[in-house]
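S.K.: sequence? don't have it. structure:
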């Protein structure tokens, strides 16, 4: 994919999304993400953070708006019936990791990793296995290749889920509250893996409630509330001295809970 | 009353033949019934209203009526309606297959439904085409989850198969009844027949528990 440095990697325009007639989750969201950026999305529950990521992955229909990736529009709503149109070819450049691991429980770790490369890209099993093994070694999971997901700790499962997404060489990673379901002592091992990816300039969008992590990984923080971007800026500004009253209230509350 | 189990030794060949017939009938109806049940299970989760309604009527009817009545109906009434002669073996196979199909379809339906939407989210996020989602993710999990209940269904079928003796099929129960009538030793004969059923059914029920514990705990599904 070729693009000039300043061209946005992701461009989200006026995104609207509701669940049924009464619950409007996204109310005209606009976000631009540059290549190499690590955007952390924070905000109160129900503010549309996870929905945003799910829409970007093509898991949810939209009411209106458009999203483009690398200059190519890939999600839009068209026609009189406002049907959501998704370009699956472009979507394949995006990887996503969920809160609840979503590993395939009947497949071993290595089988989880090679399923998509073999079935989607037609990669030979031997070559996919070799890549998968190398990736597992890198994430400290080399010995777990033959284990089943149920035999792993939450932190290990989440690292496998990240490795599985990386097997498809994504150009953007979406992380949806990936440490929220973990015991506190397991959070660091998963965050380390994501920081490792960040160090390699992997563009990513992260939804998290962990403000320490947000501060450490973000190149930009977006505060999403009421279905719109309420405030955005560098982490030290949004997390340290937010301009908006509701951002300040939220940050105070979250830090109050943590300390 | 004195018990003499040694009289059964004279009839061991007949009992063995009867048992073989019971096992054969059970195996045939397990294979046919599970295949039917799988298709019906899919039909019950189908998008088509017609398919859902038709399969629901079939399942509810066969679950809501006694197997003995179904068997008699197929043996006595179906030939009158179709105008063809049905052997007792054919009637037995049809009745038990329809029974197995109805109960196993519920098993397959429940296991298909138990696969959470997050598994499909993961499939979409990995770009898996619909065909791969079904063959590599949904079906293997559904079948694995169904195994313990299906085995229980098989044990039920094995026991229910004794009903075919009522239409004169020479299964274990039929042979046992004949020996009991001829020897006037119902206590010894029917006790031994019950024990033979038990000796086969019991390990199967134990296997269900073992499979549940070992395989499903390992996979946590």
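M.R.: Structure received. Since we're looking at a predicted model, the values are computed, not measured.

S.K.: from here on, contacts and neighbour counts on C-alpha atoms
M.R.: Will do.

S.K.: Point out the residues in the stretch 1-150 of chain A that sit beside chain B.
M.R.: Applying CA under 8 Å from any CA of the partner chain, one finds that the stretch 1-150 of chain A approaches chain B through A:57-59, A:88, A:91-92, A:94-96, A:102-106, A:116, A:119-120, A:148-150.

S.K.: Give me the subset of those residues that lies in helices.
M.R.: Among the residues of the stretch 1-150 of chain A next to chain B, the residues falling in helices (DSSP state H) are A:88, A:91, A:116, A:119, A:120.

S.K.: tell me the contacts of the first one?
M.R.: By CA atoms under 8 Å, 6 or more residues apart in numbering or on different chains, residue A:88 lies in contact with A:74, B:127.

S.K.: if we can go back for a sec, mark which of the residues of the stretch 1-150 of chain A next to chain B are buried, thanks.
M.R.: Among the residues of the stretch 1-150 of chain A next to chain B, those scoring as buried are A:57-59, A:91-92, A:94-96, A:102-106, A:116, A:119-120, A:148-150 (criterion: 16 or more other CA atoms under 10 Å in any protein chain shown).

S.K.: Now do the helices in chain B.
M.R.: So, for chain B - with DSSP H - the helices run B:12-44, B:49-63, B:67-72, B:78-82, B:88-113, B:117-125, B:130-132, B:139-160, B:172-183, B:186-211, B:217-219.

S.K.: Which strands or helices does the second one pack on?
M.R.: Judged by 3 or more CA pairs under 8 Å, 6 or more residues apart in numbering or on different chains; DSSP states H and E, the packing partners of helix B:49-63 are helix B:12-44, helix B:88-113.

S.K.: Can you give me the buried ones in it?
M.R.: If you call a residue buried by 16+ other CA under 10 Å, then helix B:49-63 has these buried ones: B:52, B:55, B:56, B:58, B:59, B:62, B:63.

S.K.: Between helix B:12-44 and that helix, find me the angle.
M.R.: Put simply, helix B:49-63 runs at 150 degrees to helix B:12-44, going by axes from the mean of the first three to the mean of the last three CA atoms, to 10 degrees.

S.K.: chain center to helix B:49-63: distance?
M.R.: Taking CA atoms, centre = their mean, to the nearest Å, the mean C-alpha location of helix B:49-63 is offset from the chain mean by 18 Å.

S.K.: Repeat that for the first one.
M.R.: For helix B:12-44, the separation from the chain centroid amounts to 6 Å (computed by CA atoms, centre = their mean).

S.K.: what about chain B, any weak spots by pLDDT?
M.R.: Along chain B, the model assigns pLDDT under 70 to residues B:218-221.

S.K.: what does chain A give?
M.R.: Residue ranges of chain A with pLDDT under 70: A:1-6, A:256-259.

S.K.: Can you show me the strands along it?
M.R.: Counting by DSSP state E, one finds strands in chain A at the ranges A:10-19, A:23-33, A:38-42, A:64-69, A:72-78, A:83-86, A:94-97, A:172-176, A:204-207, A:220-225, A:228-233.

S.K.: Out of those, which is closest to residue B:216?
M.R.: Closest to residue B:216 of those is strand A:94-97 (CA to CA; 25.0 Å).

S.K.: starting at the chain centroid, how far to the closest one?
M.R.: 6 Å.

S.K.: Partner strands of it and their direction?
M.R.: Using DSSP bridges, strand A:94-97 pairs in its sheet with strand A:172-176 (parallel).

S.K.: Could you single out the nearest of the ones in helices among the residues of the stretch 1-150 of chain A next to chain B to residue B:41?
M.R.: Comparing these against residue B:41 with CA to CA places residue A:119 closest, at 26.6 Å.

S.K.: Compute the distance between the closest one and residue A:181, please.
M.R.: 30 Å (CA to CA, to the nearest Å).

S.K.: just residue B:96 next, same as before
M.R.: In this view, residue B:96 and residue A:181 are 47 Å apart by CA to CA.

S.K.: neighbour-wise, which of those two wins?
M.R.: residue B:96 (28 against 16; other CA atoms under 10 Å in any protein chain shown).

S.K.: Pull the contacting residues for the more buried one.
M.R.: Taking CA under 8 Å, 6+ apart, one finds B:29, B:33, B:67, B:71, B:157, B:161 in contact with residue B:96.

S.K.: ok, the closest residue to residue B:67 other than its chain neighbours to chain A distance?
M.R.: Leaving aside its sequence neighbours, residue B:67 sits nearest to residue B:99 (CA to CA, 6 or more residues apart in numbering or on different chains; 7.1 Å). Distance, residue B:99 to chain A, using CA to the nearest CA, to the nearest Å: 30 Å.

S.K.: I figured residue B:99 was touching residue B:65, is that so?
M.R.: No: between residue B:99 and residue B:65 there is no contact under CA atoms under 8 Å: 9.8 Å.

S.K.: Disregarding flanking residues, what is the spatial nearest neighbour of residue A:228?
M.R.: residue A:29 (5.0 Å).

S.K.: Quick check: the gap between the one you found and residue B:111.
M.R.: Distance, residue A:29 to residue B:111, by CA to CA: 39 Å.

S.K.: Name whatever forms a beta bridge with residue A:72.
M.R.: With DSSP bridges as the criterion, residue A:72 is bridged to residue A:69.

S.K.: picking up where we left off before, contacts only, for the residue nearest to residue B:67.
M.R.: When contacts are counted by CA under 8 Å, 6+ apart, residue B:99 touches B:33, B:62, B:63, B:67.

S.K.: Any chance of TSV for those, columns distance to residue B:117?
M.R.: TSV is the format used below for the contacts of residue B:99 (distance: CA to CA, whole Å):
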residue	distance to residue B:117
B:33	29
B:62	31
B:63	29
B:67	37
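
S.K.: tell me which of the residues you listed is nearest to residue A:191?
M.R.: Looking across those and measuring by CA to CA, the closest to residue A:191 is residue B:33, at 50.4 Å.

S.K.: Number of residues surrounding the closest one?
M.R.: Around residue B:33 there are 28 other residues, counting by other CA under 10 Å.

S.K.: can you check residue B:162 too?
M.R.: The local packing of residue B:162 (other CA under 10 Å) involves 19 other residues.

S.K.: Wait, it touches residue B:171, no?
M.R.: Yes: at 7.1 Å, residue B:162 and residue B:171 qualify as touching, with contact defined as CA under 8 Å.

S.K.: Now for residue 26, how many residues are close by?
M.R.: Answering for chain A, as no chain was given. That count, for residue A:26 with other CA under 10 Å as the rule, works out to 27.

S.K.: nope, chain B please
M.R.: Neighbours of residue B:26 under the rule other CA under 10 Å: 26.
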